[in-house]
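Chemist: need coordinates for the following:
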Amino acid sequence: AMVRSVLDGRIPTPLPNVAEEVLVIRPAGSAEAAAEAAAFADAPGESYPALHSTPVMGFNTWNAFGCDISEDLILTIADAIVQTGLRDVGYTYIGIDDCWQADERGADGALQAHPLRFPRGIKALADEMHAAGLHLGLYSDYGVRTCAGYPGSYGHYEQDAATFAAWGVDLLKFDRCAPTVDQDRHPARYFRQMGAALRATGRPIIYSLCNWGRSDESEGPPWEWAPAFAHMWRTTTDIFPWYGRVYAILQANAPLAPFATRGAFNDPDMLEVGVEGPFLNVPGLPRTSLTESESALHFSMWAMLAAPLLIGADVRSSPSWVLDILGNPEVIAISQDALGRQAVRALDEEDGMFLPLPLLEVAALVLPMLREFIGSVRMCLGSCRKVQVWIKPLANHSAAVALLNLGDQLSDSRSSFGPETIEVAADVLMEAGVQLGTTPYCVRDVVRRRDAEVVPEGGAVRREVAPHSHELLVIRPCAPPPNALPLFSS
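Modeler: Numbering: from 1, shown residues only. Model prediction:
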């Protein structure tokens, strides 16, 4: 069989210890194996560039501005990222989404910047980002046209990759609008082609694949094939600032923990902290936003998911509570932990009336968008109890534990069930792989940035959690013995 490491794309010899690396194994004669081998044949013997071993942090224009973008806007956003201190805690990628392009390609077939929005071109902007200690992200599409109708990269993958590299682009978000019939059925081969084209330029460019979680007819969903050549891949359709949508995306990503590893991450879409936008992302529908407690939960759980942290709010005018959530260094440390592991959902309890799946399927026949944005998650009808515990392994013999009172997914935070006392017993931690041993463990309240209690051997952690809220804790041995084994088992 052909074996390729998901960490760095190489074909290892001899076969590594599976406790140390996640592997993609395919039959040696399969079409998928041949395609992957061809994608890396341009640099035999070299490892796939692990350009960013932890999740990318930065900003993206789409949620706050859509197509209303310009060079001046990007420069003022970058200045705000620096002045607020967000750059210094890790937000360094400034991503320009759709609508930066001219209406048509140049006479030589190359992409061009929109002459009114970006009169000096993209390279001049990239140079200014780099001078400020930032990176520039750019957007394109694997189809003929982008989602906003501008020229896509279909038929120009190598040319566009070379253009992006010459401009000094550091990250490419590659979307999936306007596909051909073959692209719609077999997206993996086209995303793989752009990955190879980027690699061939010789410039380190983060590759962000945006296939909305859609499956390839031959190769399955993106988390099964994208880790071999991309740094991050979208797992769902677009997010929008509504608690029910954040809830649905969180649950959809729960089974995907085994596919995330250092340098290759599931992407549940951008952060909605401080964002206000139309329901379902449809212009004209009522505008929605997250409360402060919902925003804190959202941010903490994206850190627990080892997801890219891409700000969607206009940081130039964001209130202090938004900046406090986004800039919490202890939550960011969980996101950027060296292990690069995604949290596992260790406890999931519910009571109340939930919309059963058959009814949801019928509703989706009438309103297909419902399936896109809610998915297969059972939604609450009225008032429901929903509590969860997520556990994320961290380096240095520690673990992050999130206790969630998800309450009513479809209503506001005034749940008739009220606050919940959530307990994480030793056996739950051990089932998730935590090796408690006989040492007391110290608890750190990450959201409030203060030390909490000491948990004795066999003890439990308890917290009262309000609806639509959470507690985020880090546990570690109070005094780890010399040469201690890792906190988490292999």
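
Chemist: who's in contact with Gln342?
Modeler: By C-beta atoms under 8 Å, 6 or more residues apart in numbering, the contact list for Gln342 reads 253, 256-257, 260, 265-266, 304-306, 392. In this view, the C-beta of every residue, glycine as well, is placed from N, C-alpha and C.

Chemist: output those in JSON lines; the columns should cover pLDDT and secondary structure.
Modeler: Shown next, in JSON lines, are the contacts of Gln342 (pLDDT from 0 to 100; DSSP: H, G, I helix; E, B strand; the rest coil):
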{"residue": "Asn253", "pLDDT": "96", "secondary structure": "helix"}
{"residue": "Leu256", "pLDDT": "97", "secondary structure": "helix"}
{"residue": "Ala257", "pLDDT": "97", "secondary structure": "helix"}
{"residue": "Ala260", "pLDDT": "96", "secondary structure": "coil"}
{"residue": "Phe265", "pLDDT": "97", "secondary structure": "strand"}
{"residue": "Asn266", "pLDDT": "98", "secondary structure": "strand"}
{"residue": "Met304", "pLDDT": "98", "secondary structure": "helix"}
{"residue": "Leu305", "pLDDT": "98", "secondary structure": "coil"}
{"residue": "Ala306", "pLDDT": "98", "secondary structure": "coil"}
{"residue": "Lys392", "pLDDT": "96", "secondary structure": "strand"}
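
Chemist: and the buried ones among those, selectable in PyMOL?
Modeler: Selecting the buried subset of these in PyMOL, with 16 or more other C-beta atoms under 10 Å as the burial test, is done by:
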select buried, resi 253+256+257+260+265+266+304+305+306+392
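
Chemist: and stretch 110-119, which residues are buried?
Modeler: Those would be 111-114, 117-118, for stretch 110-119 by 16+ other C-beta under 10 Å.

Chemist: re earlier: out of the contacts of Gln342, who's nearest Lys173?
Modeler: Phe265 (13.9 Å; C-beta to C-beta).

Chemist: show me what contacts that closest one?
Modeler: Per C-beta under 8 Å, 6+ apart, neighbours of Phe265: 55, 231-233, 306-308, 340, 342.

Chemist: ok, what's across the strand from it?
Modeler: Met232 (DSSP bridges).

Chemist: quick one on the thing from earlier: tell me the one of the buried residues of stretch 110-119 nearest Met194?
Modeler: Nearest member of the buried residues of stretch 110-119 to Met194, counting by C-beta to C-beta, is Leu111, at 13.3 Å.

Chemist: from Ile96, how far out is the closest one?
Modeler: As defined by C-beta to C-beta, to the nearest Å, Leu111 lies at a distance of 13 Å from Ile96.

Chemist: with distance to Cys478 as extra columns, can I get the contacts of Gln342 in a markdown table?
Modeler: Output for the contacts of Gln342, formatted as a markdown table (distance: C-beta to C-beta, whole Å):
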| residue | distance to Cys478 |
| --- | --- |
| Asn253 | 32 |
| Leu256 | 33 |
| Ala257 | 28 |
| Ala260 | 29 |
| Phe265 | 31 |
| Asn266 | 33 |
| Met304 | 23 |
| Leu305 | 28 |
| Ala306 | 26 |
| Lys392 | 20 |
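
Chemist: tell me the one of the contacts of Gln342 nearest Thr421?
Modeler: Met304 (20.9 Å).

Chemist: check contacts around Ala307.
Modeler: Taking C-beta under 8 Å, 6+ apart, we find Ala307 in contact with 55, 253, 265-268, 335.

Chemist: of all pairs in those residues, which one spans the longest distance?
Modeler: Asn253 and Ser335, at 14.2 Å, using C-beta to C-beta across these.

Chemist: could you list every residue that touches the spatially closest residue to Ser218 that is not a sequence neighbour?
Modeler: Nearest residue to Ser218 in three dimensions, chain neighbours excluded: His186, at 6.2 Å (C-beta to C-beta, 6 or more residues apart in numbering). Counting by C-beta under 8 Å, 6+ apart, His186 makes contact with 216-219.

Chemist: ok, now how distant is His186 from Asp160?
Modeler: Taking C-beta to C-beta, one finds His186 at 20 Å from Asp160.

Chemist: same question for Pro286.
Modeler: 38 Å.

Chemist: so which of these two has more stuff around it?
Modeler: Using other C-beta atoms under 10 Å, the more surrounded residue of Pro286 and Asp160 is Asp160, with 25 against 9.

Chemist: give the helix, strand or coil label for the spatially closest residue to Ala264 that is not a sequence neighbour.
Modeler: By the measure of C-beta to C-beta, 6+ apart, the closest residue to Ala264 outside its immediate chain neighbours is Pro227, 4.2 Å from it. Of the three states, Pro227 takes helix under DSSP: H, G, I helix; E, B strand; the rest coil.

Chemist: helices and strands around the strand or helix carrying Ala252, which ones?
Modeler: For Ala252, the host element (DSSP states H and E) is helix 243-253. Under the contact criterion of 3 or more C-beta pairs under 8 Å, 6 or more residues apart in numbering; DSSP states H and E, helix 243-253 touches helix 292-304, helix 368-374.

Chemist: tell me the helix or strand right after the longest one.
Modeler: Secondary structure here is assigned by DSSP H and E; on that basis, the next helix or strand after helix 292-304 toward the C-terminus is strand 309-311.

Chemist: name the residues that touch that following strand?
Modeler: Under C-beta under 8 Å, 6+ apart, the answer for strand 309-311 is 55-60, 86, 90-91, 93, 95, 270-271, 273-274, 299, 302-303, 326, 332, 335.

Chemist: change it to 6 Å
Modeler: 57-60, 270-271, 335 (C-beta atoms under 6 Å, 6 or more residues apart in numbering).

Chemist: among those residues, which one sits closest to Phe279?
Modeler: Once C-beta to C-beta is applied, the member of the contacts of strand 309-311 that ends up nearest Phe279 is Met270, at 16.9 Å.

Chemist: pull out the buried residues from stretch 129-142.
Modeler: Buried, per 16+ other C-beta under 10 Å, within stretch 129-142: 129, 132, 134-142.
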